[in-house]
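> this is a predicted model, with the sequence first.
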Amino acid sequence: MAMVPPSPAVQALIDAFRSADARVKDLISKQQMFDAQRTENGMVEAELNALKEGEPVYKLTGSTLVLHDAAEAKAAVSQRLKFIAGEL
């Protein structure tokens, strides 16, 4: 049995559906990425808040741990969390 091609109106609807479906999948992927980043940064924030005054903070740069200012680290994590919340 030969397939009859869909009419232009039906084809336009099919194309619109496929486009919307691709967009939804992209948005879900981005949401999952931001959720993972929020969880990770939330754990980092909790660890930084648990530090006692004067305890060192290290940042992983490449394959090296570099001493980092605790106040700067807390500010950076806080900014990242605000950005992520804005994206979600």
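Great, that's in hand. Keep in mind the model is a prediction, meaning the values are calculated, not measured. Residues are numbered from 1 along each chain as shown.

> quick one: list the elements packing against the longest helix anywhere in the chain.
Under DSSP state H, the helix in the chain containing the largest number of residues is helix 8-50. The contact analysis (3 or more C-beta pairs under 8 Å, 6 or more residues apart in numbering; DSSP states H and E) places helix 8-50 against helix 70-87. C-beta coordinates here come from the backbone N, C-alpha and C atoms, glycine included.

> buried residues of the helix it packs on, list them for me.
Going by neighbour count (16 or more other C-beta atoms under 10 Å), the buried part of helix 70-87 is 73-74, 76-77, 80-81, 84.

> how close does the residue nearest to the spatial centre of the chain sit to Glu87?
For the chain, Phe34 is the residue whose C-alpha lies nearest the centre (C-alpha atoms, centre = their mean; 2.2 Å). In this view, Phe34 and Glu87 are 5 Å apart by C-beta to C-beta, to the nearest Å.

> what is in contact with these two at once?
Listed contacts common to Phe34 and Glu87 are nil; contacts here mean C-beta atoms under 8 Å, 6 or more residues apart in numbering.

> before we move on, back to that, helix or strand right after the longest helix of the chain?
Next helix or strand after helix 8-50 toward the C-terminus (DSSP states H and E): strand 57-61.
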